[in-house]
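> Got a predicted structure here, sequence first:
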Amino acid sequence: MTSPSSTVVTRFAPSPTGYLHIGGARTALFNWLYAKGHGGKFLIRIEDTDRERSTDEAVKAIFDGLDWLNLHADEEPVYQFSRADRHREVVQQLLDTGHAYRDYLSAEETGALRDQAKAEGKDFVSPWRDREPTDAEAGNPFTVRFRRPLGQSVIVDDAVQGTVRWESSALDDLVILRSDGAPTYNLAVVVDDHDMGVTHVIRGDDHLNNAARQGLIYDALGWTRPTFAHIPLIHGPDGAKLSKRHGAQAVHEYAEMGYLPEAMRNYLARLGWAHGDDELFDDEQAKTWFDFGGINKAPARLDFDKLAHVNAHWIRQADDQRLADLTTGVLASRGQTLDAAAREKLLRVIPLIKDRAKMVPELADQAQFALLVNPIALNEKSRGLLQGENLDRLSRLREFLTEIQGWSVENLEASLKLFAEKEGVGFGKIGPFARAALTGGVPAPDIAKILVAIGRDESLQRLDDALQQTK
């Protein structure tokens, strides 16, 4: 761990009680971008003090999500539960300096006094705030409460929300150590952030009230507060709080749906933050541009159409072998395994179809024409096209293709145009039946791309098979 310094240090601190959700992923991204853009460090802390709800499976899911997004910490992750002794040490320090006190009320007594205070229109204050126990009472179970200052304003200068003010009377004397000796969240967070040298706490604005309580603990310990930056939450397209009814929430679901991690980083960065009108940008640009001034104060709305648009852009930019590997994985999940020849064919077809795909599964759909095994079956519509004059023209097209030198998209496009001119028709009269013969009727790109994707020999073989099937 590092001590506080002028170096920017941010952290992402999820609770391992479920999967890494899209809101958490964006928080991690914003922390990563800010640290990297300022030559600093990005750290990860697993806040696993809730032992009943924290699971190893959830911890793994969080790291799997971060790995997929390529958001890696610059140091080994910290596990909050393992630092309980350090947290208790700080609690004792607060007791010794009078900033905390032991509260011997039972949970039932606390509830009754709290209800009474509410009925009387007063704030709850434990009677143990200004009382010492007798020798007999000192052996009873107790919690430790933070002794908040009374009659003053608590101010947080937030980098996103601006100056936010609370009255200390509204904050309660926070329990910082439970009766079983377990430190509580707000105390542990302050100690961990201080010891990790965190300079900027970037998190959801549902933590804004915690910043007031945590700020008072920093002050009581004589520690410098970090810069707080509370970002608005993500809502669904209808403006309501994001929920399962809006579709995918967890990061692994987006990966399974066929989004690329660079597309998710691009989209999430733009979800609640802006750099002018820029919509499409890479990581290096985002690191350079990201600042608190570009973060909106209003909740961001998830827009699946925009996400698909961004993903389509990054699919076009992606390496063909990588896309072929991802597509192979999609096909395998559907029970379709590829041998070496089919994988080679898939790699050949990827650059010909990737400009039409918004998500990886669409590549799997659009590549099917090239992966068909000869002789391919003609569907009813294809058979209807392959008769009469079309069949005669298909036979002439087959002979014409044997004479073409240079089996490239550009050369084939020019040659097919020449063939249509020789036939005295527009290519619109040729394309449908040629496509039917070459693909059997499954979705496919332009004819020249089909020919290049399946290769010269197989193209001629498919035309021969179609002519044979329609005799």
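Arrived safely, thanks for sending.
> Tell me who's in contact with residue 307.
Taking Cβ atoms under 8 Å, 6 or more residues apart in numbering, we find residue 307 in contact with 259, 263, 264, 267. Using the backbone N, CA and C atoms, a C-beta is placed for each residue, glycine as well.
> And the helix or strand harbouring the last one, how far out from the chain middle?
When you say that, I think you mean residue 267. When elements are defined using DSSP states H and E, residue 267 is found to belong to helix 261-270. Per Cα atoms, centre = their mean, to the nearest Å, the displacement of helix 261-270 from the mean C-alpha position of its chain is 8 Å.
> on contacts alone, who are the packing partners of that helix?
Using 3 or more Cβ pairs under 8 Å, 6 or more residues apart in numbering; DSSP states H and E as the contact test, the elements touching helix 261-270 are helix 22-37, helix 56-69, helix 251-257, helix 283-289, helix 304-317.
> again, only using 6 Å
In terms of contacts (3 or more Cβ pairs under 6 Å, 6 or more residues apart in numbering; DSSP states H and E), helix 261-270 is packed against helix 304-317.
> Which parts of the helix or strand following the helix it packs on count as buried, going by neighbours?
In the C-terminal direction, the helix or strand that comes right after helix 304-317 (DSSP H and E) is helix 320-333. If you call a residue buried by 16 or more other Cβ atoms under 10 Å, then helix 320-333 has these buried ones: 323, 324, 326, 327, 328, 330, 331.
> now stretch 416-436
By neighbour count, and taking 16+ other Cβ under 10 Å as the criterion, the buried residues in stretch 416-436 are 416, 419, 420, 423, 430, 433, 434, 435, 436.
> any idea which of the contacts of residue 307 is closest to residue 193?
Residue 193 has its nearest neighbour among the contacts of residue 307 in residue 264, at 26.9 Å by Cβ to Cβ.
> Distance check, that closest one against residue 30.
Remark: distance between residue 264 and residue 30 (Cβ to Cβ, to the nearest Å) = 13 Å.
> Looking at the buried residues of stretch 416-436, spot the one nearest residue 173.
Closest to residue 173 out of those is residue 435 (75.7 Å), distances taken as Cβ to Cβ.
> Wait, a helix at the closest one?
Yes. Counting by DSSP: H, G, I helix; E, B strand; the rest coil, residue 435 is located in a helix.
> Using a markdown table, lay out the contacts of residue 307 together with neighbour count and distance to residue 276.
Compiled in a markdown table, these are given as follows (neighbours: other Cβ atoms under 10 Å; distance: Cβ to Cβ, whole Å):
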| residue | neighbour count | distance to residue 276 |
| --- | --- | --- |
| 259 | 24 | 24 |
| 263 | 25 | 20 |
| 264 | 25 | 21 |
| 267 | 26 | 17 |
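> In JSON lines, list those along with distance to residue 6 and pLDDT.
Formatted as JSON lines, the entries for the contacts of residue 307 read as follows, by distance: Cβ to Cβ, whole Å; pLDDT from 0 to 100:
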{"residue": "259", "distance to residue 6": "38", "pLDDT": "98"}
{"residue": "263", "distance to residue 6": "35", "pLDDT": "98"}
{"residue": "264", "distance to residue 6": "32", "pLDDT": "97"}
{"residue": "267", "distance to residue 6": "33", "pLDDT": "97"}
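> can you map out the helices along the stretch 351-471 of the chain?
Here the stretch 351-471 of the chain has its helices, by DSSP state H, counting those that start in this stretch, at 360-366, 368-371, 380-385, 389-402, 409-423, 431-439, 447-454, 456-469.
> how about those helices in JSON lines, adding mean pLDDT and distance to residue 43?
Converted to JSON lines, these look like this (pLDDT from 0 to 100; distance: least, Cβ to Cβ, whole Å):
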{"stretch": "helix 360-366", "mean pLDDT": "97", "distance to residue 43": "32"}
{"stretch": "helix 368-371", "mean pLDDT": "96", "distance to residue 43": "45"}
{"stretch": "helix 380-385", "mean pLDDT": "90", "distance to residue 43": "59"}
{"stretch": "helix 389-402", "mean pLDDT": "96", "distance to residue 43": "61"}
{"stretch": "helix 409-423", "mean pLDDT": "96", "distance to residue 43": "49"}
{"stretch": "helix 431-439", "mean pLDDT": "95", "distance to residue 43": "53"}
{"stretch": "helix 447-454", "mean pLDDT": "96", "distance to residue 43": "47"}
{"stretch": "helix 456-469", "mean pLDDT": "94", "distance to residue 43": "54"}
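> quick one on the thing from earlier: which one of the buried residues of stretch 416-436 is nearest to residue 67?
Using Cβ to Cβ, the shortest approach to residue 67 within the buried residues of stretch 416-436 belongs to residue 435, at 41.7 Å.
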